[in-house]
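Participant: coordinates only, sequence not included:
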């Protein structure tokens, strides 16, 4: 599985057109009260210097998750590279619950052997040498894949310490708009943290609504390049592009089904905007809603058996669920002036949306079991929320510095960060699925 993952990453680097990195996460809230851990500098045994500071990348990943507060190197009482050399009492006195140690060697030019250990401080303090090493791994990684492998280490550490799968080795897609560029509208992808940004599509006309395929290989999006809205599918590895729809009037809001076989979308070819589902292979089209109101923004239930969508059928926009087998439709949201842009977390337990309250559009979460609504952000023009595949974080579009940028908020609303663009504006983010 690891080799397949690294091969896929290598292929991505080889074929996708390069663009200058534009995003960088800036944490604004929620670290001081998180769990204390430490990622010690990895010892490099080779000529020159290591191509990446793996420990810094892992430490930053864990901090950005909102669940951990990694100790700064200046506060570390020691920097051993092996668990057998750790002074557990010294670390326990600082409140650290876990440590990551590592060694990097260079068995041959261009390749690096990375060995790391995840160590439980309390077990080590108690002298239980049989249980204090929670995980230990060794891998040989190409130089070009070192940063991605650091994210892999972060995923392993996160899962061991929280019991939840990590989402650091994922990507985000988004629309960048720079009116000074010959092609002002660009569909880009990057690592979740903004590094490794790549240009996928560029256009002189607007691009909208990127959506990842479940295998993380393709993107669906809306283009106005032919002076009308059309839905396209782009393979980000082969660069093959396929036009999926070009019906009269609106072709919008594509969303892949969980099995990757169907695409939900908004079409107005039969009158008002309604929700449709298309079989991607056969192009067979099924109309799901036919209400006289505007139905839009479809999103799939994780089971693939129902769709979430926004509708004005109750007066102002609210979020509904339609059963695809029976067409039975149920309203899900009742609080707030209006709710729209909804999607379910990947366990199906929470509904994430844009909620308007007192004229402000903010990101909110509703517990579907209790019906309780939680407003997660405090800004006033938030939109396009997209949930990380492990359900821990939400990326969304907002305004700060007088322009559209991206931001992150944890599912409990405690942790917040910004991803300011260095030039132009960034909007319509979409978080990828797991890439393994």
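Facilitator: It's in. If you're wondering where the values come from, they're calculated on a predicted model, not measured in any experiment.
Participant: tell me the SS of residue 60?
Facilitator: In three-state terms, and counting by DSSP: H, G, I helix; E, B strand; the rest coil, residue 60 is helix.
Participant: same question for residue 234.
Facilitator: Of the three states, residue 234 takes strand under three-state DSSP.
Participant: where does this structure have low pLDDT?
Facilitator: 1-22, 30-32, 436 (pLDDT under 70).
Participant: quick one: the helices in it, in order.
Facilitator: Secondary structure of the chain (DSSP state H): helices at 2-15, 54-64, 88-92, 121-125, 146-162.
Participant: got a list of contacts for the second one?
Facilitator: So the one you mean is helix 54-64. Applying C-beta atoms under 8 Å, 6 or more residues apart in numbering, the contact partners of helix 54-64 are 25, 27, 31, 34, 37, 39-42, 68-70, 100, 102, 104, 114, 116, 146-147, 149-151, 153-154, 157-158, 168, 193, 408, 417. Quick note: C-beta positions are derived from backbone N, CA and C, even for glycine.
Participant: just checking, which of those belong to strands?
Facilitator: Counting by DSSP state E, those place 27, 37, 39, 68-70, 100, 102, 104, 114, 116, 408, 417 in strands.
Participant: which one (most neighbours) among the residues you listed?
Facilitator: Within the ones in strands among the contacts of helix 54-64, residue 39 tops the neighbour count with 31 neighbours, counted by other C-beta atoms under 10 Å.
Participant: isn't it right up against residue 116?
Facilitator: No - using C-beta atoms under 8 Å, residue 39 is not in contact with residue 116; the gap is 9.3 Å.
Participant: what residues are shared contacts of the two?
Facilitator: residue 100.
Participant: quick one on the thing from earlier: need the max-distance pair from the ones in strands among the contacts of helix 54-64.
Facilitator: 104 and 408 (29.6 Å; C-beta to C-beta).
Participant: and the residue lying closest to residue 23 once chain neighbours are set aside, how far from residue 101?
Facilitator: Nearest residue to residue 23, sequence neighbours excluded (C-beta to C-beta, 6 or more residues apart in numbering): residue 194, at 3.0 Å. Distance, residue 194 to residue 101, by C-beta to C-beta, to the nearest Å: 28 Å.
Participant: so for these two, which sits in the more crowded spot?
Facilitator: Neighbour comparison, residue 194 and residue 101: the larger count goes to residue 101, with 26 against 20 (by other C-beta under 10 Å).
Participant: tell me the contacts of the more buried one?
Facilitator: Here residue 101 is in contact with 40, 42, 80-83, 86, 116-117, 119 (C-beta under 8 Å, 6+ apart).
Participant: so what's it bridging to?
Facilitator: residue 117 (DSSP bridges).
Participant: could you do the one 10 residues further on as well?
Facilitator: Under the criterion DSSP bridges, residue 111 forms beta bridges with residue 108, residue 142.
Participant: does it really touch residue 141, like I thought?
Facilitator: Yes - with contact defined as C-beta under 8 Å, residue 111 reaches residue 141; the gap is 7.1 Å.
Participant: more neighbours: the two, which one.
Facilitator: Neighbour totals were compared for residue 111 and residue 141, and residue 141 leads with 22 against 13 (other C-beta under 10 Å).
Participant: pull up the gap between that one and residue 401, please.
Facilitator: 37 Å.
Participant: chain neighbours aside, what residue packs nearest to residue 350?
Facilitator: Once flanking residues are discounted, residue 350 sits nearest to residue 365: 5.3 Å by C-beta to C-beta, 6+ apart.
Participant: what residues are bridge-paired with that neighbour?
Facilitator: residue 352, residue 374.
Participant: surely it and residue 351 touch.
Facilitator: Yes - counting by C-beta under 8 Å, residue 351 is a contact partner of residue 365 at 7.0 Å.
Participant: how many other residues sit next to residue 199?
Facilitator: 16.
Participant: residue 396 too?
Facilitator: Residues lying near residue 396 (other C-beta under 10 Å) number 25.
Participant: residues near the spatially closest residue to it that is not a sequence neighbour, how many?
Facilitator: Excluding the flanking residues, the one nearest residue 396 by C-beta to C-beta, 6+ apart is residue 385, at 4.3 Å. Other residues near residue 385 come to 23 when the count uses other C-beta under 10 Å.
Participant: now swap in residue 33 and tell me
Facilitator: Neighbour number of residue 33 under other C-beta under 10 Å is 9.
Participant: for it, give me its contacts.
Facilitator: So residue 33 contacts 69, 414 (C-beta under 8 Å, 6+ apart).
Participant: pull the distance from stretch 197-215 to the chain's centre.
Facilitator: Here stretch 197-215 is found 15 Å from its chain centre; the criterion is C-alpha atoms, centre = their mean, to the nearest Å.
Participant: picking up where we left off before, how close does the residue nearest to residue 23 get to residue 266?
Facilitator: 30 Å.
Participant: which residue of the chain sits farthest from its center?
Facilitator: residue 127 (39.4 Å; C-alpha atoms, centre = their mean).
Participant: mind listing the strands for the stretch 301-436 of the chain?
Facilitator: 306-311, 318-323, 329-331, 338-344, 350-357, 360-367, 373-375, 383-387, 393-400, 403-410, 416-419, 425-431 (DSSP state E, counting those that start in this stretch).
Participant: helices and strands around the fifth one, which ones?
Facilitator: When you say that, I think you mean strand 350-357. Packing contacts for strand 350-357, counted by 3 or more C-beta pairs under 8 Å, 6 or more residues apart in numbering; DSSP states H and E, involve strand 338-344, strand 360-367, strand 373-375, strand 383-387.
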